[in-house]
Each structure stands twice: as C-alpha cells, then as structure tokens.
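**Q** build the 3D model from these lines:
(chains A, B and C)
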Amino acid sequence: MAGKHINLTLKVWRQKGPKDQGGFVEYHAKNVSEDASFLEMLDAVNEELVSKGDEPIAFDHDCREGICGACGFVIDGEAHGRLKSTTVCQLHMRNFKDGEVLTLEPFRAQAFPVIKDLMVNRSAFDRIISAGGYISANTGNAVDANAVLIPKADADEAMSSATCIGCGACVAACKNASAALFTSAKISHMALLPQGQVERKERAIRMVAAMDAEGFGSCTTTGACEAACPKDIQLTNISRMNREFFVASATKRPKHKDGGAG
Amino acid sequence: MANKLDSKIPSGPIESKWKNTKFGYKLVNPANKRKHSVIVVGAGLAGASAAASLGELGYKVKVFCQHESPRRAHSVAAQGGINAAKNYQNDGDSVYRLFYDTVKGGDFRAREANVYRLAEVSANIIDQMVAQGVPFAREYGGTLANRSFGGAQVSRTFYARGQTGQQLLLGAYSEMMRQVDTGNVELRYRREMLDLVIVDGKARGIIVRNLLTGEIESHEADAVVLATGGYSNVFFLSTNAMNCSATAAWRAHKRGAYFANPCYTQIHPTCIPVHGENQSKLTLMSESLRNDGRVWVPKAVGDKRHPNEIPESERDYYLERVYPSFGNLAPRDVASRQAKYRCDEGRGVNETGKAVYLDFADAIKRLGEDKISERYGNLFEMYDKITGDNPYKMPMRIYPAPHYTMGGLWVDYNLESTVPGLFVAGEANFSDHGANRLGASALMQGLADGYFVLPYTIGNYLGGTKLEKVSTSNDAFKAAEDSVKNDVSKLMGIKGSRTVDSFHKELGHIMWEYCGMGRNEQGLKKALELIPKLREEFWHNVRLPGDANYLNVELEKAGRVADFLELGELMCRDALERKESCGGHFREEYQVDGEAKRDDEKFCHVAAWEYTGENKAEVRHQEELTFENVHLATRSYK
Amino acid sequence: MSGFLGSTVGKKYLMGISGLIWAGFVLAHMAGNLLIFVSHDAYNSYGHALTSGNIIYVAEAVLVLALLTHIYTAVSLTIHNRGAKQQAYAAPAKGAKKVSLASRTMAAQGALVLVFIILHIITFKYGVYYETTVNGVVMRDLAKLMAEVFQSPAYVGWYVVCLILLGFHLSHGVGSSFQSLGLMEGTYRQLWKKLSCAYAAIVALGFIAQPLYLFFFAH
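**A** Take a look at the predicted model:
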C-alpha cells in the first residue's frame, strides 16, 4: 500500500435545495492518496471547505462497503464512476491519474428530485416495494424451513436478483430514467421462489403500476442499467418482469364480494 | 432505587421460562389494538421486524429512521450468517447447546434466561425468514445449507452468499413495507431522534429532527421501542457505517434509562488496516478466512522486507505458536489481542507498523488457486479493490478494528428499560452476548427481539398499564422540544475553528489508545482527564457552517460527536471500575500469561449506570448474575 | 387488459409485436426483391402475383395498423421518457459504462426510417406506371421504374444511408422486442442478441445490393 499522491480538479454540481437552481463549482483536490476511496477524497475536500466556513458538498453515503446502497452520484457521465460492478464508495483513487478533471453530478431523474448537491431523494423505490414487493408471511406462522424444497439453481437465481442494493444507479444511467431493472429484480426474486407464488400475479401488476406512477421512464433495452449496476443485476430480470406482467394481466381474475360469517 | 434493576427473570426451569411467561402475559383484544400506538426508532433488523410484527397485530406503528430508506440500516453489512439451533446437519446441535455456547462465548457475563430464550426462538427465525422469501444458500437436494463459524463445534450458520445481513434486512424490510401498504405502519424517513419524552414516569414519545428541513417534531405514542444499534463509532474508525451513532440511546439514557456494561466492546481481528489520515472507516474481512489463512509477523523487529522474501525460518506464526490446539481459529477477542501484542513489540508490518499478515500461500499450494477462489473469491476481490494488492500473490495485511458493542441500554427480561414503556432491541440493548459476542449471533438476536419477543412483551405492557391520553401539546413535549432546539442553536452558535471530524478523530484516538483492546488503570485515568477537556473544547471551538433550517450534515455529526464525548467517558469509567478481564474487556492488570482473568467473586454482575445530571458523576448499579445451568469456568484455547 | 395497454410494459409489448411484424415484412420484401438479380421479368411477375389477389389488402391493412401502432407507442413512450429524464448529464459517459449508439438513438432512427418509408411508397407504389407483358400477361413494369430511379447517384446514396439506418434500427429492435415480450432468458440471451444483429445485417445488405447493382451494372 505504498501510496502515491495525485491532484485532481473537480467540477461539482452544487444545489442548495430542491427548488434552487444548481450549477457547477470547481474545486481542487490536492495531494490525494491513491489508497483513499473516492468518498474519502471528497471528505478531505469537505474538511477544507468546512474549516474555511463554507458548506461541505452533500452526498449520501453510509456503510462504505458497497452494500447499503446509500452512496451514488455520477462521475464523468457514469453512475458510480468508471469501474464496473463497483459502488462509488469502493472506487479507489488509484483508478485516477494525476491532473484529471472530473465532473460530478447527482443522479438525474424526475422521480429522484435533488435534495442538495449530489444527494437525491430515492424514496420512490420504497413506494414501489410497498406496492407488493413482499411475500405476506405473518410472524410465527411459518412452516419448517426445510418443508419446502427449493432447487439450488432456483435459489441461486433468486439470490442473484435479490442482491440489488437499491442504489438507483440503474435509473441514473438510463437515458429514460427507467426503474425497470430495480422493479424487475424484486419481481424476479419472488417469482422464482415457491413462497412467492401466491401473490405472484398481483405483485407483478401492482409493482409495474407503482413504477409507472412514480414517473420513471420505460425500458428501451439500452443496457445502460446493467453496465452501471454495482451488483451485476442482469437485464434478463426485465424480460422476466414483462412476461410476468403480461401473463398476470391476461389471466387476472375478477374481484368477488366477501360476506360476513355468523 | 436499587429495585429499578429488577430483571424480572421468571421462575421455573430454564426450558419453560419463556413458555410460561408468555402464557402469563396480558393480552390486548383485537379491537383495542388499533387504539394503541407504538413508536419504533431505527429500522434495521430489530426495528423493522418489530414494526412488521406489531403492525400485523393491528397496533398503530410509527417508524423513524435517520436514513433515506430503512434498507440502508447497517444490519445490511453483516456478511457471514445467522445461527440457529436447527440441527439440520444431524451433528448434535440443540437449543441447549446454542444456549451453552453463547453463555460461555460471552465469558459468563450474560443473563442465562435471556440467552436461553434467544436459542429457543432461533429456529423460528429461520422458518420465518424462509417464508418471507429470503434466498438462503441451498444444497442440490433443495434443503438449506449450513456453514461452520468461529468457536462452535457444530454447523449451525445459515447464509446467503456473503450478504446474509442484507438478505435478512430486506426480508424484514419487505414485511414492514407490507404493513406500510396496509396502513398500520407509518414510515418517517430522515428523522433523527434527539430526545425521549416522559409523561407521568412513562415513555410517551420522542422528539426528532427532520434532517431535510431542520424542523423539530414531536411524536406521541403509548410505548417507544429503540432499535438504534451500537456505538462502535465512538472509536471514529470502526467497521460501523458512517451514520451509526449512540445518540438515540444516549438521549434516552439522559432521561433515565440505565446504560449497562458500556465497556464491553468487540474488536474484530480481521479488518483491512488503516492506510492514512484520510481514512473514514474500516472494512471487515470475514472471519471464515482464518480457516485457510495463516497469521504471521516477521521474527525480527523492524524487518521491512517484502513478505515473499522473508524465509519460513524468519516468520513467527504466533497464533499457532501460542495456541497450538486452536491455532489460527482462536476466538475473536484472543486473536485481536495477540495481533496487538505483536505490533506493540515492533514486529507489525505495513508503513504504519499496525498490521499482520494473513497468508494463503500454503493453502494455495495445498488446494490450488481455483479451490481458494471458489471459497473466498469475492473477499479476495474486495480486498484487491480496496488495497490494490492481489492476495493470491502476496499475503493480506490485516489488523483488528472495533466492530460491535455488547454493552447498551439495560433491559429486563421483557426488553423494557428502566424507563417504563421504553423497550430496547437489537445491538442497542445489552442483554444477550455478555462480554463477547459469537460470530453470526447479532442477526439472530436482532430478529429474535423484533419478531418473537417484543410483540409479546409490548402487548403485556399495553394490556396491563393504565395510559392516559397524551398529546404533543403536553408540557413535557414542549419542554423536550425546547431543550432540543436549545442544543441545536447552542451548537450553531459556537462558531469556533475546528471541524466536527477533527474532534471525533481525536476522541477516537483516545478511546482506541486507552479503552481499546487493552486497558489499564493508568491509561483509563488518563483518558478520563483527556475526554472532559476535549468535550470542553468541543463546546467552545467547534465550527458548523450553514444553518439549522435545512439539511446540514455537519450539524448532524456534531450532535452525535457531542454524545460520543459523554459516552466515551462513561465507557472509560466502566472499564476502570470493572477490575477484571472478561471477553472484550481486557484489563492488562488482570491476566494470566496474556489471557483474560475473570473475577467471579466481585464482578459476576451487570454494571448499569444511572445518569444524574450534567457534569455530575453517574451512579453505578449492579444486577447480580447467577449461573444455574452453565457453570462458571475459565475459557482456554491453548 | 386496459391497465395492461396503459402501462409502459404493455406499450412495449405493442411496440415489440408491431416491430416484429415489420421486421418480418422487410425480410420478405428484401428476399422477393432479390429477383431483380434474376431478371426484370421474374421481378415483375413476382410483383404482379403479390398484388393480384385480395390478400394484398389484408397484408397492407396489417402493415399499416402495425406501423401506426409502432409510431403511436414510440411517440407516446418517447414523450413519457423525456419527461422522466429532463436533464441529461453535462459530461456524457465515455468509458466502460457507455452503451451502443444504435440503442441510444432508436427514436431518431425510427423517425428517419418513417420518412424513408413514406418517400419510398410515393416513389414506387404511386410512381410512374410503366407496363410490360410477361408470358402474355400485362402487368406493371416496376423493374423499369426501379432501374430508372437508381440511375441517380443522389437517390442511390440516400437509399444506402437509409437502409444502413434501417439495419441499425433492426439490430437493436429485433432483440429488444424479444426482451420486451419477455422471451430473453439467461443462457440464450447472447445468442438472441447475435441473431438480431445478423438479421439486421442480412436485411440491410440484401436491400443495399439492389440499388448498387442497378446503378453500377444494369445500364
């Protein structure tokens, strides 16, 4: 870890609040250790700003291990920066050269309004999940975990979809700001497991409707989401979602009236 | 006051305590449940599972999380797995064995009855999570797979690749979102709890700051649950997420909840070492690596050669040398301490001298690179990403780092704190791990508390307590709101010259140096001089830019650091008073050949601290621990 | 089903199906036109056979309907998508996460292809009516018109450009349709993508060969 040091110029999007006009401001990151992560480089820039009495650059982050999904902004047009399969907190400065000029922007999507600087509001994702992105299993009623066998291939495939961290890079990278990859990963995860069958159709219909209602765009299969995804969620999920949605819409049963007992 | 520490451990044989207690609990009829409201602060494993279950039962639940989404909670980062006494492997596991392992692993400083209940519900947790669609690893036959974990002699750890915490969190989160969907749970994002409101001696609400708008809000309820995690970030550098803090728990403490065993902190032995001054946090490398990796340092002090150039005869495989029977698989506290000894001797590696090697060369020679990559590929990749070194070609460099806190708010058997109506779950409470937590037990405890304990105990509380209607216009709310607003304007008004982080780093250095892996009287006394001075300076010289009326990250951090500056002092006092070594608490004066020496005569108790007012010394109370089932014995790994 | 057609996914279904109808048509069209390489008579007889029954009206109706559906869903989704992303990045991606030009510019390609289709129909279907007799049957001499039209280098150039564009549109569109229709499962995904490109190349090259042949060799 014998660290070299580099200097960078950053053009950072600064925006005071959701309703304010934003714009780029130039900063110089000096003497950055190559062993630092990108966020640690920004920490240093912020320390300098704060000690001058200026407001630090706001960005979301938390675990800094690439799993919580909190961090994420765009570096030179790429969500999470230049390294594939990597969140920006795991992007280290050894991937940059001395003297580079980098442009930092927040994730752009109407459904992700900017909160401040590089921070956006992604609660639309939570609303999509609450529209059926679950398996109804009341506490204490579960059968023994080994009572339902699941083929390893199915469990592995479901896990690959479930590994989504909800960072929103897919939406950010998509020219249509489509949330298809995020939504489909959850629909796939549950459609692939026996536990997810009962609510499978209802889930597909409701989640797609919620995704549209939030104002995300449609998928045009550019593959930008897949390229930007730090967890390698596959486009296959979107295809599966479309099929689930089609089958569910085509075979949906009408609602029946319920009667009281006794 | 002494009777405040009534642990409410039920009588009867340990196997039937929980069953009998549940039967004895008061119930709330379905129509009345919706008239009761419960506040849950924190939406990690414990908070989300509690909110989901309480919502299902029909209570009106309000959940507060400081993140933009509950899925960011730090439970997400747990890698290895979750223990459960399922005995699917037919290797002799049982509820009793898990109970036994946990009590012993905690170095006999946990409450037997709580631990037994934890072991008892562990199997239900797995059933529950599978039913929710958590994609645990499976065998080709379709059954669940297990792996072994540090210390235990049975395979009882369930896992989902290296992301078990994430999958469990998403499971609990999805159940909570289902209750959001039904309208029983209301979610408030980006709200940080800054005070607990007590009316007529009972917890009746909280004060939060809306982190986006800066607004100070009051929320009332019939009961409050804190599930706000641990306080490892008092060390500044830890494996905790950046936003983990003690603030909610600490503010509740200042309103009357006792704080138990604050000095019990776990230092995890295998983390990626510090690289420099800009470092913001430390990253854990799974314990499982020690199955095939060998830990060593050069024999000579100050040997700066490349590790691959140091011949076998000049290496000290110290864990194998000191613990011939357990070798590289010595438990966490022991392995961490040994690494510290080697670095203190000047034999540490790295530019900082604060690292040891974890070497896979032998394993690669024996099993081939493919096999090693199959077992640890993703961890090796992560290591490579962070350090730029290829662990297939040269040994990993690792060093211990603060990881988990066994201490926390004191709770009784019902998980109720010393403030009636205030319940504490997950890492935020102190209850189940004693002085040292076993690997893969944190996830188990969080979910046990949230799914299987709180729904019963809160029902009992609500069913058996007379609760007057309160509203946020009550004087207690106004007073708490004012005090929070005062704190905020006080912080904003200091306009000093040092950044919040610089104070946090300095506190971290003090804590790590004097209250870290090894503690002694002299050092702790020094820390107790340094911390109040630092706190004093903080309140006169911290610099916060911007204002308090919208998102202000520095202000958020300042509030948390202010609390750490108080908690840190209490940790040192607790460590000073506990004149013995046990689990994660290692007092250098109390050891036998470098091993922890417990004093069961004087310290077989929980220390619970009572806040008595600003700048007044906290009062130490004791809850005696009795061991009727697992007999007190010395842990030895030699 | 109204909810289905109102959704973005439903619209993509319609777009995919209508697109595939046209993709099938252009392949058949291209293949039939290859008869120009055989002889003008063969070409004209094929054209005559196609247009003499009633089936042509059905086919035309289907094609027009598919085209209108394709255009409607494209316009509607494009407007929706522009609304979803109102601000592009100041610095466009250029590294590992950049995506293909063909996939990013489907709407623009589509608009140009539409202009081409309209002009093409005007030029040929509603163009000068020459007559010829093949084996005693009087029929339209489309081959003559075609040979005339492709004497102009500008016309040939315009066709070549538009057909390359059509190729681009198909290379992404065919695979994307299968994706939209939910037929892109794991193992075959790469194969589908390759087939989509091969399909596009065959159609585009097959078409392009015709004006070039007439321009250079068929004086």
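
**Q** ok, the closest residue to A:Cys170 other than its chain neighbours - contacts?
**A** Once flanking residues are discounted, A:Cys170 sits nearest to A:Cys225: 3.5 Å by C-beta to C-beta, 6 or more residues apart in numbering or on different chains. Placement of C-beta: from N, CA and C, glycine included. Counting by C-beta atoms under 8 Å, 6 or more residues apart in numbering or on different chains, A:Cys225 touches A:Ala169, A:Cys170, A:Val171, A:Ala173, A:Cys174, A:Ser178, A:Ala180, A:Leu181, A:Ile233, A:Leu235.

**Q** could you dump those residues to JSON lines with distance to A:His256?
**A** Shown next, in JSON lines, are the contacts of A:Cys225 (distance: C-beta to C-beta, whole Å):
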{"residue": "A:Ala169", "distance to A:His256": "42"}
{"residue": "A:Cys170", "distance to A:His256": "38"}
{"residue": "A:Val171", "distance to A:His256": "38"}
{"residue": "A:Ala173", "distance to A:His256": "43"}
{"residue": "A:Cys174", "distance to A:His256": "40"}
{"residue": "A:Ser178", "distance to A:His256": "35"}
{"residue": "A:Ala180", "distance to A:His256": "32"}
{"residue": "A:Leu181", "distance to A:His256": "35"}
{"residue": "A:Ile233", "distance to A:His256": "37"}
{"residue": "A:Leu235", "distance to A:His256": "38"}
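
**Q** could you report the neighbour count for residue 57?
**A** With no chain named, the answer covers chain A. 23 (other C-beta atoms under 10 Å in any protein chain shown).

**Q** chain C was what I was after
**A** There are 10 residues near C:Tyr57, going by other C-beta under 10 Å.

**Q** for it, report the pLDDT, please.
**A** You'll see C:Tyr57 listed with a pLDDT of 95.

**Q** and the strands in chain C?
**A** Per DSSP state E, chain C carries strands over the ranges C:131-134, C:137-140.

**Q** and the first one, what's its mean pLDDT?
**A** So the one you mean is strand C:131-134. 95.

**Q** show me what the lengthiest helix in chain B is packed against.
**A** Longest helix of chain B, by residue count under DSSP state H: helix B:553-577. Identification of packing neighbours for helix B:553-577 by 3 or more C-beta pairs under 8 Å, 6 or more residues apart in numbering or on different chains; DSSP states H and E yields strand B:191-199, helix B:247-254, helix B:475-494, helix B:500-515, helix B:521-541, strand B:605-610.

**Q** and those, which is most packed in?
**A** Scoring the helices and strands packed on helix B:553-577 by mean neighbour count under mean count of other C-beta atoms under 10 Å in any protein chain shown gives helix B:247-254 as the most buried, with a mean of 25.

**Q** what does that helix rub up against?
**A** With C-beta under 8 Å, 6+ apart as the contact definition, helix B:247-254 has outside contacts at B:41-42, B:192-196, B:226, B:228, B:231, B:257, B:259, B:408-409, B:417, B:419, B:422, B:424, B:428, B:559-560, B:563, B:566-567, B:609, B:611.

**Q** how big is the angle separating that helix from helix B:475-494?
**A** For helix B:247-254 against helix B:475-494, the angle by axes from the mean of the first three to the mean of the last three C-alpha atoms, to 10 degrees is 120 degrees.

**Q** quick one: helix B:247-254 to chain centroid distance?
**A** Relative to the centre of its chain, helix B:247-254 is centred 15 Å away, using C-alpha atoms, centre = their mean, to the nearest Å.

**Q** low pLDDT regions in chain A?
**A** Low-confidence segments of chain A (pLDDT under 70): A:1-3, A:259-262.

**Q** now do the strands in it.
**A** Along chain A, the stretches classed as strands by DSSP E are A:5-14, A:23-33, A:74-75, A:78-79, A:101-105, A:114-116, A:119-120.

**Q** format the ones you listed as a markdown table; extra columns: mean neighbour count.
**A** Below are the strands of chain A laid out as a markdown table (neighbours: other C-beta atoms under 10 Å in any protein chain shown):
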| stretch | mean neighbour count |
| --- | --- |
| strand A:5-14 | 17 |
| strand A:23-33 | 14 |
| strand A:74-75 | 24 |
| strand A:78-79 | 28 |
| strand A:101-105 | 19 |
| strand A:114-116 | 23 |
| strand A:119-120 | 24 |
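
**Q** Produce a PyMOL select command limited to the buried residues of the contacts of helix B:247-254.
**A** Applied in PyMOL, the following selects the buried portion of the contacts of helix B:247-254 according to 16 or more other C-beta atoms under 10 Å in any protein chain shown:
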select buried, chain B and resi 41+42+192+193+194+195+196+226+228+231+257+259+408+409+417+419+422+424+428+559+560+563+566+567+609+611
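
**Q** ok, the residue nearest to A:Gln234 when sequence neighbours are not counted to C:Phe178 distance?
**A** Computed as C-beta to C-beta, 6+ apart, the closest residue to A:Gln234 that is not its neighbour in sequence is A:Glu226, at 6.4 Å. Computed as C-beta to C-beta, to the nearest Å, the A:Glu226 to C:Phe178 distance reads 16 Å.

**Q** how about the strands of chain C, which one is nearest chain A?
**A** Closest to chain A of the strands of chain C, according to C-beta to the nearest C-beta: strand C:137-140, at 39.9 Å.

**Q** pLDDT averaged over that closest one - what is it?
**A** 95.

**Q** let me see the ranges of the helices in the chain.
**A** Here I'm looking at chain A. All helices of chain A, identified by DSSP H, fall at A:38-51, A:123-130, A:152-162, A:169-173, A:180-191, A:200-213, A:224-228, A:236-250.

**Q** should've been chain C
**A** With helices called from DSSP H, chain C shows them at C:2-6, C:8-33, C:40-52, C:55-84, C:101-104, C:106-123, C:142-149, C:153-180, C:189-216.

**Q** elements contacting the fourth one?
**A** Going back to what we said before, that points to helix C:55-84. By 3+ C-beta pairs under 8 Å, 6+ apart, helix C:55-84 packs against helix C:8-33, helix C:106-123.

**Q** do you know how far whichever residue of chain C sits closest to chain B is from B:Lys254?
**A** Residue of chain C nearest chain B, by C-beta to the nearest C-beta: C:Ala96 (14.8 Å). In this view, C:Ala96 and B:Lys254 are 51 Å apart by C-beta to C-beta.

**Q** likewise for C:Leu181?
**A** Separation of C:Leu181 from B:Lys254 (C-beta to C-beta): 61 Å.

**Q** how far is stretch C:142-161 from where the chain is centred?
**A** For stretch C:142-161, the separation from the chain centroid amounts to 18 Å (computed by C-alpha atoms, centre = their mean).

**Q** to clarify, my last question referred to stretch C:175-183.
**A** Offset of stretch C:175-183 from its chain centre (C-alpha atoms, centre = their mean): 18 Å.

**Q** B:Cys343 contacts B:Tyr357, correct?
**A** No. With contacts counted by C-beta atoms under 8 Å, B:Cys343 stays clear of B:Tyr357, the gap being 11.9 Å.

**Q** what about those two, which has more around it?
**A** Using other C-beta under 10 Å as the criterion, B:Cys343 and B:Tyr357 rank with B:Tyr357 on top: 24 against 21.

**Q** quickly note the distance from the more buried one to B:Met517.
**A** Plainly put, B:Tyr357 is 19 Å away from B:Met517 if you go by C-beta to C-beta.
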